[in-house]
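Asker: quick check, what structure comes out for this input:
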Amino acid sequence: MNADKDYSVVKNIDLVLFALYKCGGAEHLVHTEDVADRVFKYPLGKHRFRWERYLYPDKERVARELRRLKDMKGMKYVKGHVNIGSKKDRRDGWMLTEVGVDRVREIEPHMGKALQKPSGEHHRYTEDNLRHRITSTTCHKIYLKDPEMKEAQEFHFTNMLYCLPDAPKEKVTGAFDKLIANAKATGAGDLIEFLETARIRFDSFFL
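Answerer: Numbers count the residues shown, from 1 in each chain. Have a look, this model is predicted:
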């Protein structure tokens, strides 16, 4: 993190990114309206993301920032969509990418004073559940015996990600991105190190 950066003025994109994180966006898809509701619980968000005449959250402004975060100067901080498809089959939801979690971890220490505490309960990431989810896999057990993971096979990697061995690369890498983003959200250094090692060991999925 650059110590020279000025965090005294919170950017709209960081406000929305942080709200998505607090809604659990490192673990699962979050509806645009839920992100807007979280943003609106911050005094700063209530000032910036409101209707002109009435004190209601402006979902469209929040959605605009989320779209920007999908591809901002070549960086993808989030993935997802707002209201895709017909009304009957409409899909809406957003998640943090690994890069997005890195950004949240960078700004999080500075956000408290700038935003003040929002009303309502904060979402809490449960490291214990994540740790059990990862350490119970054969892939991780191989890593503990051999940090270079020479005996690990591709199916060990895909099984850990709940993917079939012949699943498309996009599905495998998407599942991995979600898992490592979750690990970074909890701050579990040993799990992050394992996942980074696994990414190098099975780099063919990421080419």
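Asker: now do the helices in the protein.
Answerer: Ranges of helices in the chain, per DSSP state H, are 12-22, 32-41, 43-48, 59-70, 98-115, 127-135, 138-145, 154-160, 169-186, 189-201.
Asker: what's the shortest one packed up against?
Answerer: The helices and strands touching helix 43-48, judged by 3 or more CB pairs under 8 Å, 6 or more residues apart in numbering; DSSP states H and E, are helix 12-22, helix 32-41, helix 98-115. To be clear about C-beta, it is placed using only N, CA and C from the backbone, and glycine gets the same treatment.
Asker: swap in 6 Å and give it another go.
Answerer: On a contact count with 3 or more CB pairs under 6 Å, 6 or more residues apart in numbering; DSSP states H and E, helix 43-48 meets no helix or strand.
Asker: contact partners for the residue nearest the centre of the chain?
Answerer: For the chain, the residue nearest the mean C-alpha position is Leu96 (2.4 Å; CA atoms, centre = their mean). Residues in contact with Leu96 (CB atoms under 6 Å, 6 or more residues apart in numbering) are 25-26, 78, 181.
Asker: low-confidence stretches in the protein?
Answerer: 1-8, 84-90, 113-114, 116-126 (pLDDT under 70).
Asker: what residue of it is the furthest out?
Answerer: Arg53 (33.3 Å).
Asker: gap between it and Pro43?
Answerer: Per CB to CB, to the nearest Å, Arg53 is found 19 Å from Pro43.
Asker: please apply the same query to Phe202.
Answerer: 45 Å.
Asker: repeat that for Thr135.
Answerer: 41 Å.
Asker: more neighbours: which of those two?
Answerer: Thr135 (15 against 12; other CB atoms under 10 Å).
Asker: tell me how far that one lies from Asp190.
Answerer: From Thr135 across to Asp190, the span is 9 Å (CB to CB).
Asker: which neighbours do the two share?
Answerer: In contact with both Thr135 and Asp190: no residue, using CB under 6 Å, 6+ apart.
Asker: got a list of what the nearest residue to His28 once chain neighbours are set aside touches?
Answerer: Nearest non-adjacent residue to His28, counting by CB to CB, 6 or more residues apart in numbering: Met95, 7.0 Å away. Counting by CB under 6 Å, 6+ apart, Met95 touches 25, 29, 79-80.
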